[in-house]
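*Asks:* requesting a structural model of the entry that follows:
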Amino acid sequence: MALTNDAPDAAATPVAEPTAEAVREAVEAGHARLRALLPGLTDAVVREPSALPDWSRAHVLAHIEGIGLAMARQARYALRGALIEPYDGGWPARAAAIEEGSRRTAAALRTAVEDALAEASAAWAAVGPEDWSRPVGYRDGALRDALLAWWRELTIHTTDAGLGPGTDQWPRELCHHLLDHLAPRAPEGVRLVLAPTDDPAAERRYGPADGPVVTVRGPLTALAAWWAGRAPHAPLVGERAGVVGPLPELNPWP
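*Replies:* Residues are numbered from 1 along each chain as shown. Just a heads-up that it's a prediction; the model follows:
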């Protein structure tokens, strides 16, 4: 039966998803990394461009603040047995808050991000082992899904801000998660193979089994960065029918 782009094939050797507790530990480590970088922010630094088109570092920091508070709110409400949308006012309000927040001084941004990280730490620390399956308003998912979203957003956008570790230092577990979570980015009509040269067990295959095979090879972190729409830190090689060519165009983020 032909496969769809909804999910990748199994990896060459099954890669276990990290437990929610392990993800929470990774998130706390991410909080600590970002907190350590905040004292170096100046007004000049936050106005510099980020890795995202048309966004300064201040925009990225304002977004980290907003998504951190939004996911923490998902946790707070889920523990009360209630559902709430991530952002009051939806996506238009989110965009307006990022734009307004980006105009703050470096000192104000530092305080806002520190406060958001403190709230995120407190909210996620309150979640017990039996709570991860509680429903949340975020994409009609569960608490574990909201935590995974915060893990992705925190790690990727800290890199986007150009303040700390680059994509080459993304955790292996996060890279595996991104290869699965972003499966809908696979182009239609081809059998796409992502082949990490340094982690064969993480190979992923997407699309119809009888489609023309397109293989992209490179280090795991570089593949994950490209898959997430970021510039890979190392060259990737694309092949179609054994001929090296351009990398395929990917679908938008799901």
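*Asks:* so what's the residue count around the nearest residue to residue 231 once chain neighbours are set aside?
*Replies:* Counting by CB to CB, 6 or more residues apart in numbering, residue 231 lies nearest to residue 225, which is 6.8 Å off, once chain neighbours are set aside. Using the backbone N, CA and C atoms, a C-beta is placed for each residue, glycine as well. Other residues within reach of residue 225, judged by other CB atoms under 10 Å, total 25.
*Asks:* now residue 225: how far from residue 203?
*Replies:* 17 Å (CB to CB, to the nearest Å).
*Asks:* how about the strands in the chain?
*Replies:* 191-196, 204-206, 213-218, 237-240, 243-245 (DSSP state E).
*Asks:* can you put the ones you listed in TSV and add mean neighbour count, distance to residue 51 and mean pLDDT?
*Replies:* Shown next, in TSV, are these (neighbours: other CB atoms under 10 Å; distance: least, CB to CB, whole Å; pLDDT from 0 to 100):
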stretch	mean neighbour count	distance to residue 51	mean pLDDT
strand 191-196	22	22	98
strand 204-206	23	24	97
strand 213-218	19	19	98
strand 237-240	14	22	97
strand 243-245	9	26	95
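*Asks:* mind putting these in JSON lines, distance to residue 19 included?
*Replies:* JSON lines is the format used below for the strands of the chain (distance: least, CB to CB, whole Å):
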{"stretch": "strand 191-196", "distance to residue 19": "23"}
{"stretch": "strand 204-206", "distance to residue 19": "21"}
{"stretch": "strand 213-218", "distance to residue 19": "28"}
{"stretch": "strand 237-240", "distance to residue 19": "34"}
{"stretch": "strand 243-245", "distance to residue 19": "40"}
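*Asks:* out of those strands, flag the one nearest residue 126.
*Replies:* strand 204-206 (34.5 Å; CB to CB).
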